[in-house]
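Q: mind folding the following:
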Amino acid sequence: MPEPKKIEIKEVVADLATAFEVFKKTNDEALKEVKEGKEDVLTKEKVEKIDKALTALEDAKTSAEQRSDDIEKRLNRSELSGTVKSEDLAKEVKTFNGHRIQSEKFKREADVTEDEYKAYTKAFGTVLRKGESSLATDEERKALSVGVDTDGGYVVPAAVSARTITRIFETSIIRPLVSTETINTDAIEGLRDTDEASSGGWVSETGTRANTDTPELAKWRVPVHEMFAQPIATQQLLDDSSRDMEAWLSMKVADKFTRVENAAFVTGNGVGQPRGFASYTTAATADATRTWGQLEHVATGAAGDFAASNPADILFDLEAAFKPGYLNNATFATRRSVVTKLRKIKTSEGIYLWQPSIALGVPQTLLGYPIALMEDMAELADGSLSLALGDFRQAYTIVDRQGLRVIRDNLTTKPYVKFYTTRRVGGAVLQFEALKFLKFST
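A: Coordinates of the predicted model:
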């Protein structure tokens, strides 16, 4: 079943390689015409047309790879194959128990076994469709009790939670790039060791030895915040539905949560929500002298754009601002509109810095570093921070307090059934030397 998608990916990759070669040739012609004072509008339009085609092909390749992955994942799920791989089931049960013990009720109870988990998953789907009264036997009611919290909420089966998180991965590039921590409190704390001991220098055998400064430790803290979604459906729809309500609920919640999390991890202000990496104060100061808590930026030399002369130089300057250790796992983050400009940038030797993703599973690159598309980053404008480079895994941490939890409400707004779904998550920059911005300003 996945094979047609793989063939489609190969075709898109081949088209990408061909389109990029045409783009380079046409763009070189346009640059030559400008240099000779013979700019041709038709050539310029041709460059723009090919550029749009490249963007569309990049998106098509990403979409095709995601669809192929999704098909293979679904083939491993019970709704298509009738079985669940034992290793997948074990992981699901472990995740489910991890979410479960975050409730005071379950902290002192034994973990759920694989058989109990499968029984709970089945009962959970029945309750979402028709309510608790639809459980016909004591065994079904007992199965449901392993995930019912004291406040009336249900711990969502890990298969549903994972399916939702997969959708988050598919629509937001940031989660796979950064570090994640799972906690059972309202915040995660740690120590920051960025101070340096001082030295008294060289001294003779009998020379005076004065006290020197002692390095100090600082404390950091990342709180978690709650977000919610509340999809609704009529009881009649739930009664007559032939589809698994887990999938329906996960799609509804994923659509809401992906957009909320996306924006927060990039631009959130930290007040009642995660703090996004693009919301911090920046300064044109090197790591050795910059105040901790600020991120470094390098100015392009032009308001809302790259410099007209030697635009590649500023990208090399941005790369050179890092300590080498942070570049081993570095990634560019930017918007599609910025990528359009990056495609046209060449070195003085005529080498294009941007390269398309012409291999399966390999993203488009700039200076050899992968590019992660983040449309929540700022649009190009005077002073905008529209492009970032860094080791996001060291720089940014997402903190998960609670997986998805659902409260089924069939009384408040009859004949509709509300599925009040919550998730608690936080995020912040912890390593301020590992991430830097290109600031589009003079």
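
Q: secondary structure of residue 220: a strand, I assume?
A: Yes - residue state for residue 220 (DSSP: H, G, I helix; E, B strand; the rest coil) corresponds to a strand.

Q: give the contact list for it.
A: Residue 220 sits next to 189, 190, 191, 192, 428, 430 when contact means Cβ atoms under 8 Å, 6 or more residues apart in numbering. Using the backbone N, CA and C atoms, a C-beta is placed for each residue, glycine as well.

Q: what about 6 Å?
A: 190, 192 (Cβ atoms under 6 Å, 6 or more residues apart in numbering).

Q: bridged to it, which residues?
A: residue 190 (DSSP bridges).

Q: look up how far residue 189 lies from it.
A: Using Cβ to Cβ, to the nearest Å, we find residue 220 at a distance of 7 Å from residue 189.

Q: next SSE after the lowest-mean-pLDDT helix or strand in the chain?
A: When the helices and strands of the chain are scored by mean pLDDT, DSSP states H and E, helix 78-81 comes last with a mean of 41. Moving toward the C-terminus from helix 78-81, the next helix or strand (DSSP states H and E) is helix 86-100.

Q: list the buried residues for that following helix?
A: Neighbour-count burial for helix 86-100, counted by 16 or more other Cβ atoms under 10 Å, picks out 88, 89, 92, 93, 95, 96, 97, 98, 99, 100.

Q: grab the two from those residues that are most spread out in space.
A: Farthest pair in the buried residues of helix 86-100 (Cβ to Cβ) is 88 and 100. Separation: 18.3 Å.

Q: residues in contact with residue 434?
A: Neighbours of residue 434 in contact, by Cβ under 6 Å, 6+ apart: 326, 390, 391, 394, 395.

Q: just give me the closest of those to residue 118.
A: Of the contacts of residue 434, the one sitting nearest to residue 118 (Cβ to Cβ) turns out to be residue 394, at 39.2 Å.

Q: so where is the chain shaky, pLDDT-wise?
A: Applying pLDDT under 70 to the chain picks out residues 1-8, 63-85, 104, 150, 162-172, 193-197, 214-217, 242-247.

Q: do a quick rundown of the helices in it.
A: 3-35, 41-75, 78-81, 86-100, 114-130, 138-145, 158-171, 174-177, 235-240, 245-267, 312-320, 336-342, 392-395 (DSSP state H).

Q: quick check: buried residues in the first one?
A: The reference is to helix 3-35. 5, 8-9, 12-13, 15-16, 19-20, 23-24, 26-27, 30-31.

Q: quick revisit: would you format the helices of the chain as TSV with distance to residue 386 included?
A: Converted to TSV, those look like this (distance: least, Cβ to Cβ, whole Å):
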stretch	distance to residue 386
helix 3-35	21
helix 41-75	16
helix 78-81	42
helix 86-100	36
helix 114-130	42
helix 138-145	49
helix 158-171	20
helix 174-177	16
helix 235-240	44
helix 245-267	12
helix 312-320	13
helix 336-342	5
helix 392-395	16
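
Q: for residue 278, find the nearest of the ones you listed.
A: Per Cβ to Cβ, nearest to residue 278 of the helices of the chain: helix 245-267, 5.3 Å.
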